[in-house]
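Engineer: no sequence for this one, just the structure:
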């Protein structure tokens with residue numbers, strides 16, 4: 001797949017997710033098969049006001065290419081300036097516009113999926129980002145529409161293609177659905193049949209088999225994996241096997257999964273303060289233990305993590321419990 005001049009080595013893409021896809025988690029997912037990664041969404045207004053906390057969100061890893069920076073906002077002037085800042089400050093290969101975030105504080109402000117209520121403005125925003133991006137390809141991630149009575153994705157995607165947007169990602173839900181119900185893949189398939197630019201499928205991909213199934217069903221050029229990777233970056237490895245018709249590898253043993261989690265948190269601490277990295281590690285580590293029998297105690301301990309020493313202590317405890325269980329057998 002190509003996004004403009006940018007070659008994407010595999011169709012497996014890590015979705016941009018606020019509070020999840022930081023530089024450390026992206027590195028782990030790339031190791032395990034993600035061919036393209038995007039940053040957490042960056043506020044155009046924050047960039048325009050030179051907010052110091054926002055610039056680090058755009059930082060890419062030393063080997064993180066191809067990669068994109070996702071920006072959200074609805075003021076064309078600000079979005080153009082933000083795109084220029086991203087182009088100059090980040091080494092991103094692609095700039096992605098968020099037209100899909102359903103979170104009320106974003107959407108009700110007219111940003112994210114709020115743009116699906118005003119297609120003229122959505123197009124003006126895209127034109128502005130294209131100007132600010134210069135030679136950097138611009139893509140858009142969107143939902144079906146605001147609600148079932150206003151499905152606008154096909155109309156908007158066609159208009160964006162004509163403006164020069166290089167690819168579109170479609171999440172098969174409306175804004176009102178949030179993350180409930182079932183993603184409608186039919187619209188993704190129809191969009192692929194309608195557009196000549198790449199279409200990336202998104203929604204309800206929770207396993208390697210789901211990734212293969214959505215690509216086969218929709219004919220899309222790529223699949224963007226979001227919630228399915230929570231605590232399971234191995235989903236990319238499993239999806240690769242599914243696409244190649246090979247046996248899907250099981251999850252690694254729990255001890256190895258814990259080691260991967262620890263490595264992620266250590267890497268995060270290199271880019272952030274140890275305290276921030278460890279506070280954010282609480283939800284990630286709990287995700288890594290999802291589905292593990294009798295993990296309640298350790299999840300409680302994880303909720304108290306504030307230092308890497310705490311991370312090491314909890315991990316040692318989990319491994320000790322595993323060894324004891326093995327000896328009892």
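Structural biologist: Nice, thanks for sending it over. All of these numbers come straight from a predicted model, not from anything done at the bench.
Engineer: make it CA atoms for all contacts and neighbour counts henceforth
Structural biologist: Will do.
Engineer: name the helices or strands packed onto the helix or strand where residue 84 lies?
Structural biologist: Taking DSSP states H and E as the definition, residue 84 sits inside helix 76-89. Under the contact definition 3 or more CA pairs under 8 Å, 6 or more residues apart in numbering; DSSP states H and E, helix 76-89 sits against helix 44-48, strand 67-72, helix 119-133.
Engineer: care to break the chain down by domain?
Structural biologist: The record's domain parsing of the chain by automatic domain parsing lists 2-243, 254-328.
Engineer: and these, which is most packed in?
Structural biologist: domain 2-243 (a mean of 21; mean count of other CA atoms under 10 Å).
Engineer: quick one: low-confidence parts of this structure?
Structural biologist: Scanning the chain for pLDDT under 70 picks out 324-329.
Engineer: in it, which spans are strands?
Structural biologist: 2-3, 6-7, 12-14, 36-38, 42-43, 67-72, 94-99, 138-143, 167-171, 199-202, 222-225 (DSSP state E).
Engineer: just to revisit the earlier point, run the chain-centre distance for the helix holding residue 84.
Structural biologist: Distance, stretch centre to chain centre, for helix 76-89: 21 Å (CA atoms, centre = their mean, to the nearest Å).
Engineer: quick check: angle from that helix to strand 138-143?
Structural biologist: With axes from the mean of the first three to the mean of the last three CA atoms, to 10 degrees defining the directions, helix 76-89 sits at 120 degrees from strand 138-143.
Engineer: quick one: contacts of helix 76-89?
Structural biologist: Residues from elsewhere that reach helix 76-89, judged by CA atoms under 8 Å, 6 or more residues apart in numbering: 44-45, 47-48, 58, 69, 71-73, 92, 95, 124-126, 128-134, 136.
Engineer: can you pull out the helices in the stretch 151-300 of the chain?
Structural biologist: Taking DSSP state H, counting those that start in this stretch, the helices of the stretch 151-300 of the chain run over residues 153-163, 186-194, 208-218, 235-243, 254-271, 274-288, 296-302.
Engineer: Kindly reformat those as TSV containing distance to residue 176.
Structural biologist: Shown next, in TSV, are the helices of the stretch 151-300 of the chain (distance: least, CA to CA, whole Å):
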stretch	distance to residue 176
helix 153-163	14
helix 186-194	17
helix 208-218	22
helix 235-243	28
helix 254-271	33
helix 274-288	26
helix 296-302	32
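Engineer: out of these, which comes closest to residue 54?
Structural biologist: For residue 54, the closest of the helices of the stretch 151-300 of the chain is helix 254-271, at 13.3 Å, according to CA to CA.
Engineer: and the lengthiest helix in the chain, what does it pack onto?
Structural biologist: When the chain is parsed with DSSP state H, its longest helix is helix 308-328. Applying 3+ CA pairs under 8 Å, 6+ apart, we find helix 308-328 packed against helix 254-271, helix 274-288, helix 296-302.
Engineer: Need those in TSV (columns: distance to residue 184).
Structural biologist: TSV is the format used below for the helices and strands packed on helix 308-328 (distance: least, CA to CA, whole Å):
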stretch	distance to residue 184
helix 254-271	32
helix 274-288	26
helix 296-302	34
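Engineer: And these: which comes nearest residue 109?
Structural biologist: Between those, helix 274-288 lies closest to residue 109; by CA to CA that is 26.4 Å.
Engineer: tell me the angle of that closest one relative to helix 254-271?
Structural biologist: Using the same axes, to 10 degrees, the direction of helix 274-288 lies 150 degrees away from that of helix 254-271.
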